[in-house]
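Undergrad: Quick one, fold the following:
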Amino acid sequence: MIWSEAFYCFKKFKSMTELQTGHKVQCIRSDRGGEFLSTDFLEFCEANGIQRQLTMAYTPQQNGVVERKNRTVIEMAKSMLHEKGMPYFLWTEAVHTAVYLLNRCPTKALNNITPFEAYSGRKPGIAHLKVFGSLCYVHVPTELRHKLEPKSTKGVFVGYATCEKGYRVFDPVSNKLLLSRDVTFDEENAWHWTDKDGSVMTSYSIEDQVDLDLKSDRSNENSTGTPQTLDMQESTSSTPGDISSEERRTQAYDHTPLKWRRLDDDESWLKAMEDELQMIEKNETWELVDRPTEKPVIGVKWVYKTKLNLDGSVQKNKARLVAKGYAQKPGLDYNETYAPVARLDTIRTLIALAAKKGWKLFQLDVKSAFLNGVLQEEVYVNQPEGFVIKGKEDKVYRLHKALYGLKQAPRAWYGEIDSYFTQCGFVKSLSDATLYTKVRGDKEILIVSIYVDEIVYTGSSQALLAEFKEDMMAKYEMTDLGLLHHFLGMGVVQTESSIFLHQKKYASTLLSKFGSTECKSVTTPLVATEKLSKDDGSGAANEEQYRSIVGSLLYLTATRPDIMYASSLLARFMHCPTNRHYGTAKRVLRYIRGTLDYGLEYVKGKSSILIGYCDSDWGGSVGDCKSTSGYAFSFGSGVFSWASVKQNCVALSTAEAEYISAAEATTQAIWLRFVLEDFGELQTEATPLHCDNISAIAITKNPVFHQKTKHIDRRYHFIKDALQEGVINLEYCPQMNNWLTFLPNLWPKTDSIISEACLE
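TA: Coordinates of the predicted model:
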C-alpha cells in the first residue's frame with residue numbers, strides 16, 4: 001500500500017472488522033502524516049463518530065505500539081528478501097507474507113496464542129506454509145496450453161493469496177504474478193536473479209491461473225494438502241498500513257504497467273505515450289496508408305519503463321512504441337542487420353589520449369535514436385493500441401524510418417549517423433567503424449566515438465567541441481550530459497591532472513548479489529599453485545549461478561586487468577562446473593572485496609610511445625596441455641589494452657609458447673598503431689614489445705632451432721615481417737620486471753606491479 005491509499009484501506013478495514021466482530025471502531029491513533037489528515041479522511045471520521053488521537057510532531061513514541069509493530073514487520077520482510085537474494089521491488093510481497101506469518105505466530109501479549117485465533121476463535125493451519133522466495137513450479141491447466149507445451153511454469157514463491165485458495169508465485173521470465181492452487185515446491189533452492197538486458201526489473205502484473213473460491217479459513221484438522229501440493233488457508237490479515245514515518249519516504253514504488261488496458265486512469269502514462277508519438281511524427285517516421293494486399297503488416301506494442309532516481313523515487317515514466325520484430329521475415333522485411341559498436345579498447349585509448357593531452361571528455365545522448373534511421377525496405381505496421389484514428393481503423397502505417405524492435409533498426413540508425421558525420425567532414429577510421437575524426441589546420445582535432453545512441457567526444461579545440469555539440473543538437477533530439485561521468489557501467493572521474501576509470505559501483509553490486517559483501521578479502525585472485533580441470537571429483541556446482549558469477553567477472557575486466565586471467569580461466573568451465581570451480585570463483589570475489597577502489601588512472605603529460613608486454617605459461621591447461629597467452633599495452637601513463645587467451649595449439653616448449661604469444665600481441669600492436677594514427681599520434685618508431693624468453697626473441701630474429709620450430713604454424717611467423725619492417729621491436733624483459741605476469745600466469749600480485757600498470 002502506498003500512502004495515498006491509506007483512506008481507502010481504512011474504509012475497507014473498518015467495514016470488514018465491524019461486520020465480522022460486531023464492534024464499532026471508536027478511536028484512531030496515528031501520527032500527523034498527510035495520508036491521515038486529508039479532508040476526506042477527517043470528514044469520514046466525523047460522520048461516523050470516530051475520535052482522532054494524533055501524536056505530537058516528531059514524537060513517534062506516542063504511537064509506540066504501531067511503530068514497533070511496523071519495525072518488526074519491516075525487519076522480517078528484509079530478512080526474507082536477503083535470505084533468498086531477492087530484488088527489492090518485491091518488498092510489498094515480503095511485507096504481506098510477514099504479516100500473514102506473524103498473525104499465525106503465538107505471542108505473549110495474547111497469552112501465547114496466535115492473533116489469528118484471538119480474532120477468529122479458531123486455530124490456524126500451518127501445513128501449507130512454505131519458505132518465502134523458494135523455487136516452485138506452477139501447474140498450467142490443460143485449457144491454457146498446447147498438448148506439447150510444458151505442464152508447469154518455473155517461478156518464485158512470494159506469498160499466500162488473500163481472496164483465493166492459492167499461492168502467489170512470481171514468474172521473473174514473463175514478469176507476472178501467478179495465482180494457483182497446484183504448486184510444487186523446491187524449498188532448498190532459490191531463483192538466481194540475473195538481469196540479462198541490463199535494465200532494472202521493477203514491476204509485474206497479476207494473471208489468474210486457477211480461480212478457486214474460498215469463503216473462510218479451514219482448521220488444521222480439515223487440511224488435506226501434502227507437502228508438495230497446496231491445501232492452504234486464507235489469510236485474514238489486512239493490507240499493511242503506513243510502514244513507518246521514515247519508510248514512507250522510500251515508497252515511490254514503481255507501478256510500471258505491462259498492457260495498454262491498465263492505463264485508462266493514469267494520465268502520466270498517457271502523456272508518456274503521447275510524447276512518444278509526437279517524437280515519431282516529428283521525425284517523419286511513418287505515414288498513414290491503405291492496408292497493403294501483398295505485403296505483411298507487423299504488429300506494434302507499448303513498452304513501459306519507470307526511470308528511478310538514486311533514492312528510489314520516480315524520475316519519470318517512459319513509454320516506447322516497439323515493433324514486433326520477431327514476426328519479420330528475412331529477405332522480405334529486412335536484409336542486413338549488423339551494426340558496429342565502439343570497442344572498449346578504442347574507448348580506453350581515447351580516454352588515455354585525453355588524459356595525456358589534458359583534454360576533457362564530453363557525452364551526448366540521442367533521444368529515440370532508432371527513430372532517425374532511414375529504412376531501405378518497405379515495412380508496414382498496425383496503428384498503436386489506444387491511438388487508432390477514428391474512421392480510419394482499417395489503415396496502417398508505412399514506415400519511412402525505423403521503429404525500436406525492427407531487426408534492421410540498429411543498422412538503419414548507424415547508416416544515418418555515419419552518413420551525417422561524413423557530410424560534416426569527419427573521417428571514419430578504418431580500424432574502428434564507430435570512430436570519427438575531424439582535423440582543422442595543423443593542430444586542431446575533434447575525436448568522436450559512438451556506442452549506439454551514446455556519443456563520447458573530445459578534442460584540442462574548444463571551438464570544434466562547441467560547434468560539434470551545436471550541430472548535433474540541431475540535427476537530432478539530444479540530451480547534453482556534459483562531462484563524461486558514466487559510460488557502459490564504468491565510472492569516469494576527470495580532474496585537471498588525470499582521468500580515473502573504475503567500476504566500483506558495479507563491483508559492490510556484484511559482491512552484494514552473490515553474498516560476499518562481508519567476506520574476508522585475499523591479496524591475489526588465484527592461488528599460485530592451483531590448477532583447475534574439468535573432472536576434479538569435487539561434485540557438481542550450481543551451473544546457473546556459476547555462469548552468472550563468471551559473466552559478471554568478465555564484464556568487470558573492462559577496468560580490471562588484474563582479474564583478466566582468473567576470469568578467462570573460469571570461463572573455460574561454463575559447462576558442468578564443479579564445486580572447486582565455484583570455490584575459485586568465490587575467491588576472486590574475495591579479492592575484489594579487498595580491491596574495490598582499484599581502477600585505471602591515466603595521468604597528464606606522460607610519454608606518447610605505445611609500449612607492449614607479452615607473456616605465456618607453458619601447458620597450463622590441465623585437460624589439453626595448451627598454454628595461455630597474455631598481452632597488455634600502455635600509452636601515456638597506464639595500461640589500456642589487454643587480453644588473456646588460451647592458445648589454439650599445444651606448444652612443445654616454453655620458447656614456442658612465448659613465440660606464439662608474441663605473435664598474437666603483434667597483431668594487437670599493429671591495430672593499436674592504426675588507432676593512434678587516427679588520433680593524430682603517429683608511432684614513428686617501432687613499438688617495443690617486451691618478452692621474458694630469450695629463445696623466443698632469437699626465433700623472431702634468426703632461423704634458429706629449426707629442429708624444434710619447423711612445425712609451428714606459418715601464421716605465427718608474420719611477426720618476423722613486422723620486426724623487419726620496423727613495426728615492432730621485440731625486447732628482452734626479465735620476468736620480475738614484466739608486470740604482465742599477473743595476466744597469463746598465477747604469480748602473486750605485488751604493489752610494484754599495480755603501480756606500474758596504474759591500477760590503483
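Undergrad: Low-confidence regions, the chain specifically.
TA: Residues of the chain that meet the criterion pLDDT under 70 lie in 1-4, 194-266, 308-313, 704-705, 735-760.
Undergrad: Show me how it divides into domains.
TA: 1-54, 257-477, 489-604, 606-759 (the TED database).
Undergrad: would you turn these into CSV with distance to Leu81?
TA: Yep, even glycine has a C-beta here, placed from its N, CA and C like the rest. Shown next, in CSV, are those (distance: least, CB to CB, whole Å):
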stretch, distance to Leu81
domain 1-54, 18
domain 257-477, 15
domain 489-604, 12
domain 606-759, 35
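Undergrad: Turn those domains into CSV, columns for mean neighbour count and distance to Thr72.
TA: Output for these, formatted as CSV (neighbours: other CB atoms under 10 Å; distance: least, CB to CB, whole Å):
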stretch, mean neighbour count, distance to Thr72
domain 1-54, 14, 17
domain 257-477, 17, 22
domain 489-604, 18, 24
domain 606-759, 19, 46
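Undergrad: Show me the one of those that comes nearest Glu188.
TA: domain 489-604 (11.3 Å; CB to CB).
Undergrad: which stretches of the stretch 501-650 of the chain form helices?
TA: 504-513, 543-556, 564-570, 579-594 (DSSP state H, counting those that start in this stretch).
Undergrad: could you redo those as CSV and give each row distance to Gly605?
TA: Formatted as CSV, the helices of the stretch 501-650 of the chain follow (distance: least, CB to CB, whole Å):
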stretch, distance to Gly605
helix 504-513, 26
helix 543-556, 29
helix 564-570, 28
helix 579-594, 31
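Undergrad: Show me the strands in the stretch 251-400 of the chain, by range?
TA: 286-289, 297-298, 300-308, 314-323, 362-366, 374-381, 396-401 (DSSP state E, counting those that start in this stretch).
Undergrad: And for the stretch 51-200 of the chain?
TA: Applying DSSP E, counting those that start in this stretch to the stretch 51-200 of the chain gives strands spanning 51-54, 134-139, 152-160, 167-171, 176-180, 183-190.
Undergrad: Dump the ones you listed into JSON lines; add distance to Thr495 as well.
TA: Listed next are these as JSON lines, based on distance: least, CB to CB, whole Å:
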{"stretch": "strand 51-54", "distance to Thr495": "52"}
{"stretch": "strand 134-139", "distance to Thr495": "48"}
{"stretch": "strand 152-160", "distance to Thr495": "45"}
{"stretch": "strand 167-171", "distance to Thr495": "45"}
{"stretch": "strand 176-180", "distance to Thr495": "48"}
{"stretch": "strand 183-190", "distance to Thr495": "43"}
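Undergrad: quick one on the thing from earlier: redo the strands of the stretch 251-400 of the chain as TSV? Include distance to Glu274.
TA: Shown next, in TSV, are the strands of the stretch 251-400 of the chain (distance: least, CB to CB, whole Å):
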stretch	distance to Glu274
strand 286-289	16
strand 297-298	22
strand 300-308	12
strand 314-323	9
strand 362-366	21
strand 374-381	18
strand 396-401	16
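Undergrad: Of all those strands, which one is nearest Lys604?
TA: With CB to CB as the criterion, Lys604 lies closest to strand 362-366 of the strands of the stretch 251-400 of the chain, at 17.4 Å.
Undergrad: helices and strands around that closest one, which ones?
TA: strand 454-459, helix 462-475, strand 478-483 (3 or more CB pairs under 8 Å, 6 or more residues apart in numbering; DSSP states H and E).
Undergrad: May I have stretch 402-415 exported as CSV, CA atoms only?
TA: Extracted as CSV, the C-alpha positions of stretch 402-415 are listed here (Å, rounded to 0.1, in the frame of the first residue of the first chain):
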residue,chain,number,x,y,z
ALA,A,402,12.9,2.6,-38.2
LEU,A,403,11.0,1.8,-35.0
TYR,A,404,12.5,0.1,-32.0
GLY,A,405,12.1,-3.7,-32.3
LEU,A,406,12.7,-3.9,-36.0
LYS,A,407,15.5,-6.3,-37.0
GLN,A,408,17.2,-3.6,-39.1
ALA,A,409,16.7,-0.7,-36.7
PRO,A,410,20.3,-0.6,-35.3
ARG,A,411,21.8,-0.8,-38.8
ALA,A,412,19.5,1.9,-40.1
TRP,A,413,20.5,4.2,-37.2
TYR,A,414,24.2,3.5,-37.8
GLY,A,415,23.7,4.3,-41.5
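Undergrad: And that stretch, how far out from the chain middle?
TA: Stretch 402-415 sits 22 Å away from the centroid of its parent chain (CA atoms, centre = their mean, to the nearest Å).
Undergrad: sorry, back to before: so for Gly386, which of the helices of the stretch 501-650 of the chain sits nearest?
TA: Short answer: helix 504-513, nearest of the helices of the stretch 501-650 of the chain by CB to CB, at 36.4 Å.
Undergrad: what would the helices and strands packed on strand 362-366 look like in TSV with distance to Lys606?
TA: As requested, the helices and strands packed on strand 362-366 are arranged in TSV below (distance: least, CB to CB, whole Å):
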stretch	distance to Lys606
strand 454-459	17
helix 462-475	23
strand 478-483	21
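Undergrad: mind checking which of the ones you listed is nearest Gly391?
TA: helix 462-475 (36.0 Å).
Undergrad: report the angle between the axes of that closest one and strand 454-459?
TA: 150 degrees (axes from the mean of the first three to the mean of the last three CA atoms, to 10 degrees).
Undergrad: any idea of the angle helix 462-475 forms with strand 362-366?
TA: Using the same axes, to 10 degrees: helix 462-475 against strand 362-366 is 10 degrees.
Undergrad: What is helix 462-475 packed up against?
TA: Counting by 3+ CB pairs under 8 Å, 6+ apart, helix 462-475 packs on strand 362-366, strand 435-440, strand 444-451, strand 454-459, strand 478-483.
Undergrad: rerun that using 6 Å as the cut-off
TA: strand 444-451 (3 or more CB pairs under 6 Å, 6 or more residues apart in numbering; DSSP states H and E).
Undergrad: Determine how far the strand it packs on lies from the middle of the whole chain.
TA: Chain-centre distance of strand 444-451: 27 Å, with CA atoms, centre = their mean.
Undergrad: Hey, what's the angle from it to strand 454-459? Just curious.
TA: Using the same axes, to 10 degrees: strand 444-451 against strand 454-459 is 160 degrees.
Undergrad: Just give the strands next to strand 444-451 in its sheet, each with its orientation.
TA: Its sheet considered, strand 444-451 pairs with strand 435-440 (antiparallel), strand 454-459 (antiparallel) by DSSP bridges.
Undergrad: which stretch among those strands comes nearest Phe13?
TA: Shortest distance between Phe13 and those, using CB to CB, is found for strand 454-459: 49.4 Å.
Undergrad: how big is the angle separating the closest one from strand 478-483?
TA: Using the same axes, to 10 degrees: strand 454-459 against strand 478-483 is 50 degrees.
Undergrad: who's in contact with strand 454-459?
TA: 354, 359, 361-365, 445-449, 465, 484 (CB atoms under 6 Å, 6 or more residues apart in numbering).
Undergrad: of those, closest to Cys163?
TA: Asp365 (45.4 Å).
Undergrad: Apart from its chain neighbours, what residue comes closest to that closest one?
TA: Thr479 (4.3 Å; CB to CB, 6 or more residues apart in numbering).
Undergrad: Now do the helices in the stretch 51-200 of the chain.
TA: Going by DSSP H, counting those that start in this stretch, the stretch 51-200 of the chain shows helices at 64-83, 91-102, 115-120.
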